[in-house]
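> Next input, structure requested:
(one chain, ligands or ions: 2)
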Amino acid sequence: MKTSPPNEVSMIRAPKRNANQLRNRGLITKDLLQEVKMHNSVSRLHLSVNDSAGNKTFDECYEKEELLGEGGFADVFRCRHKARGTTYAVKEIHNGNYENYGENIKDEIKTMKRLRDGCNIIQLLDVFRQPDRTFLIMEEMEGGDLLERLYDKISFTEQDGRRIARKLIEAVRYCHKKNVAHRDIKPENVLLTSQSNNSDIRLADFGCAKYMDKPNCLMTLCGSAQYCAPELYTHTNGYSEKCDNWSIGVVIFILLGGYAPFDEEDDKVEPLVCEGKFKFHKCYWEHVSEACKNVIRGFITVDAKKRMTLEQALDSKWLRRRDMESLSLDGSCSTFDAWVRKQNESNSSFSLEGTSSRTTRTAYKFDTASVCEEIGEHKDEVDEDDGASTCSLSLGDL
Ligand SMILES: Nc1ncnc2c1ncn2[C@@H]1O[C@H](COP(=O)(O)OP(=O)(O)O)[C@@H](O)[C@H]1O
Ligand SMILES: [Mg+2]
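Ligands and ions are numbered 1, 2, ... in the order given. Predicted structure coming up:
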């Protein structure tokens, strides 16, 4: 379990390095003190998983099982409800790792409650606030996270990338509709409901999220350097939820390209991000449609006012729905209801049998330079047709 004191600038690696190096190295700061609000503690939420209301401890109600994932601030385990035998995921937070001894965690909890029933958003089921630790009980995602999947696949096909992008945008759109900025959108924080190729996704980790009671009220430099919008570095009077749109653009780029658009060490990435120039290297992008690249360019636009909106993206040539597969856009969705039904109907657990523990999985070494060399191209070459994107795309072109 890592401790990340606020204001510490920790290192982040680009995905061309291995997954273990990339994973959760990018937290700039979770110094949310200036934004902390005290809220009522959470007692009972969805389902009948409201044991915390009865003053029970986590250990009295649950058996902790294997590690599902490690974050910069917390570890997530599978846990089994002792009475029912049902399994969930639990995020175990050591309060002492946070300033103010965990008071900030209340913001994360409050945000998750606010987003309850949101489309493609991880659901919080119960909370145990104990003196030393806080336990967030969530639905368990059997498919791991998107970074892990990326390292299994190297990169996604355009079709799979489009499906994930659409769901991610819908999730973030729901957050924004509820006046919540996520501020830490990255593949590690996007979870997959199943191991299948057409798995649903859930947006997770609301540790940096912030409720916005007025426009441009966000002040804190937080999130992960590789995914961070330029205005987080440059703003003087606050920034808006459009920082999330930038991060979505970076995520889509990484999913389809297999490497980061701003591929630098944490302490050197800021000027690249603020300049906003990135390239679609021919060896990775020649088979990707212009429609997709336009969405990426639209999101990775330095000027937040000109940056593509989520609605524009959903209505773009690339993402416009061609079928009825996707969920409705108004934020209502039935996937969680289906999960609740499944839980209620069955006492059996959501077993992860057959999947390997993340801690033991061998990291896939991803080195764009050597792959380029193999096919006779150099990564740093500017492609004649694409050139360096200066993000000056007019949204009218979409
Ligand atoms: N509900 C869940 N089901 C399965 N795995 C999860 C779940 N929630 C989180 N994880 C795994 O745990 C990791 C850390 O969780 P996260 O909430 O992002 O913590 P942190 O705030 O420390 O980054 C995630 O990247 C993911 O791999
Ligand atoms: Mg995380």
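> all contacts plus neighbour counts: C-alpha atoms, from now on.
Fine.
> what's the closest non-adjacent residue to G298?
Nearest non-adjacent residue to G298, counting by CA to CA, 6 or more residues apart in numbering: M308, 4.8 Å away.
> Ligand 1 versus the closest residue to ligand 2 within the stretch 1-150 of the chain, what's the distance?
Using CA to the ion, G71 is the residue of the stretch 1-150 of the chain that sits closest to ligand 2, at 4.8 Å. In this view, G71 and ligand 1 are 3 Å apart by CA to the nearest ligand atom, to the nearest Å.
> Provide the count of other residues in contact range of that residue.
17 (other CA atoms under 10 Å).
> show me what contacts the residue nearest to G298?
By CA atoms under 8 Å, 6 or more residues apart in numbering, the contact list for M308 reads 245, 295, 298-299, 301, 395.
> cool, and F77?
With CA under 8 Å, 6+ apart, F77 has these contacts: 64-69, 89-92.
> Kindly confirm my reading that it is in a strand.
Yes. Checked against DSSP: H, G, I helix; E, B strand; the rest coil, F77 lies within a strand.
> Look up the closest residue to it, ignoring the ones flanking it.
L67 (4.3 Å).
> Check which helix or strand that neighbour maps to.
Element membership for L67 (DSSP states H and E) is strand 62-70.
> buried residues in that strand?
62, 64, 67-70 (16 or more other CA atoms under 10 Å).
> any idea of the mean pLDDT for it?
Mean pLDDT, computed over strand 62-70, is 97.
> okay, that strand in PDB with CA atoms only?
Coordinates of each C-alpha in strand 62-70 appear next as PDB, following Å, rounded to 0.1, in the frame of the first residue of the first chain:
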ATOM      1  CA  TYR A  62     -17.100 -10.000   5.400                       C
ATOM      2  CA  GLU A  63     -14.200 -12.300   4.700                       C
ATOM      3  CA  LYS A  64     -11.500 -10.600   2.700                       C
ATOM      4  CA  GLU A  65     -10.200 -12.700  -0.200                       C
ATOM      5  CA  GLU A  66      -7.800 -12.100  -3.000                       C
ATOM      6  CA  LEU A  67      -6.400  -8.800  -4.100                       C
ATOM      7  CA  LEU A  68      -8.200  -7.500  -7.200                       C
ATOM      8  CA  GLY A  69      -6.200  -4.300  -7.800                       C
ATOM      9  CA  GLU A  70      -3.900  -1.800  -6.300                       C
END
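> residue ranges for the strands of this protein, please.
Remark: strands assigned in the chain by DSSP state E are 62-70, 74-81, 87-94, 124-129, 133-138, 180-181, 190-192, 201-203, 210-211, 278-279, 388-389.
> want to throw those into CSV with distance to C222?
CSV is the format used below for the strands of the chain (distance: least, CA to CA, whole Å):
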stretch, distance to C222
strand 62-70, 19
strand 74-81, 16
strand 87-94, 19
strand 124-129, 23
strand 133-138, 22
strand 180-181, 12
strand 190-192, 17
strand 201-203, 17
strand 210-211, 11
strand 278-279, 22
strand 388-389, 26
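> Which of the ones you listed has the lowest mean pLDDT?
What stands lowest among these, in mean pLDDT terms, is strand 388-389, with a mean of 40.
> Spell out which residues of this structure are next to ligand 2.
71, 189 (CA under 5 Å from the ion).
> care to break the chain down by domain?
According to automatic domain parsing, the chain comprises the domains 33-138, 146-397.
> Check those for me: which has the lowest mean pLDDT.
domain 146-397 (a mean of 78).
> List the contacts of A204.
Here A204 is in contact with 121-122, 189-191 (criterion: CA under 8 Å, 6+ apart).
> Distance-wise, check it relative to F262.
Distance of A204 to F262, given as CA to CA, to the nearest Å: 23 Å.
> and if you look at I105?
30 Å.
> ditto for V127
37 Å.
> So if I had to pick from those two, which one is more boxed in?
V127 (26 against 21).
> Bridged to the more buried one, which residues?
Beta bridges link V127 to L136, judged by DSSP bridges.
> quick one: it and K113 touch, right?
No. Here V127 lies out of contact with K113, judged by CA atoms under 8 Å, at a distance of 10.7 Å.
> Serialize the contacts of F77 to CSV and add fields for distance to ligand 1.
What follows is the contacts of F77, written out as CSV (distance: CA to the nearest ligand atom, whole Å):
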residue, distance to ligand 1
K64, 13
E65, 12
E66, 11
L67, 8
L68, 5
G69, 3
A89, 5
V90, 7
K91, 7
E92, 9
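> could I get those as CSV with distance to P271?
Formatted as CSV, these follow (distance: CA to CA, whole Å):
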residue, distance to P271
K64, 44
E65, 43
E66, 40
L67, 37
L68, 35
G69, 31
A89, 38
V90, 38
K91, 34
E92, 35
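> Of those, which is the nearest to L319?
Of all the contacts of F77, G69 has the smallest distance to L319: 30.5 Å, by CA to CA.
> OK, contacts around the closest residue in space to H176 that isn't next to it in sequence?
Nearest residue to H176, sequence neighbours excluded (CA to CA, 6+ apart): E241, at 6.9 Å. Shown in contact with E241 (CA under 8 Å, 6+ apart): 176, 180-183, 216, 218.
> Tell me which of those residues fall in helices.
Judged by DSSP state H, the subset of the contacts of E241 located in helices is H176.
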